[in-house]
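let me see the structure of the following:
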Amino acid sequence: MVRRTNKKVIQFQFPFAIDEIRKVFPPGEYTIETEEESIPGSSIVHFRHVETVLVVRPPKGKPGPTQFWAVPPDALDKAIAKDADQSLEAKRRDHAVEMANKNKSKSE
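Below is the predicted model of the structure:
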């Protein structure tokens, strides 16, 4: 059986929580490690999900332990989607304020 680990870095713009962990994580960069294993019995190699891990490192320049949290993929996807929604809403708000300020200065 073959195992493989995929790693990707995710940038959260806002504090986020994973329901199953019951902890709020600060905004920042996080590594996501997904482990998969091959499914035997086929001439084409197929993989199945084994585990997803959220890697939490201490802030840059500060000593501390690196933490590894096993997370359900759907819970992580939910946190990522919520952060994206919050980022989009913040951009919309900023744009609306910018446009209101432009319109205000034009009318003065």
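
could you grab the helix/strand/coil label for N103?
State at N103, reduced to three classes by DSSP: H, G, I helix; E, B strand; the rest coil: helix.

ignore what I typed, I meant S43.
On the three-state scheme (three-state DSSP), S43 is labelled coil.

got the buried residues for the helix or strand where A96 lies?
Here A96, judged by DSSP states H and E, is contained in helix 73-107. Of the residues in helix 73-107, those with enough neighbours to count as buried (16 or more other C-beta atoms under 10 Å) are 75-76, 79-80, 83. Using the backbone N, CA and C atoms, a C-beta is placed for each residue, glycine as well.

what of stretch 16-30?
Burial within stretch 16-30, assessed by neighbour count using 16+ other C-beta under 10 Å, is assigned to 16, 18, 21, 25, 30.

after the helix or strand that contains V50, next one along is what?
Assigning secondary structure by DSSP H and E places V50 in strand 46-56. Following strand 46-56 in sequence order, the next helix or strand is strand 67-70 (DSSP H and E).

just the CA atoms of that next one, as PDB, please.
These are the backbone C-alpha positions of strand 67-70, laid out as PDB (Å, rounded to 0.1, in the frame of the first residue of the first chain):
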ATOM      1  CA  GLN A  67       0.700  21.900  17.100                       C
ATOM      2  CA  PHE A  68      -1.000  19.300  14.800                       C
ATOM      3  CA  TRP A  69      -4.800  19.100  14.900                       C
ATOM      4  CA  ALA A  70      -6.600  16.300  13.100                       C
END
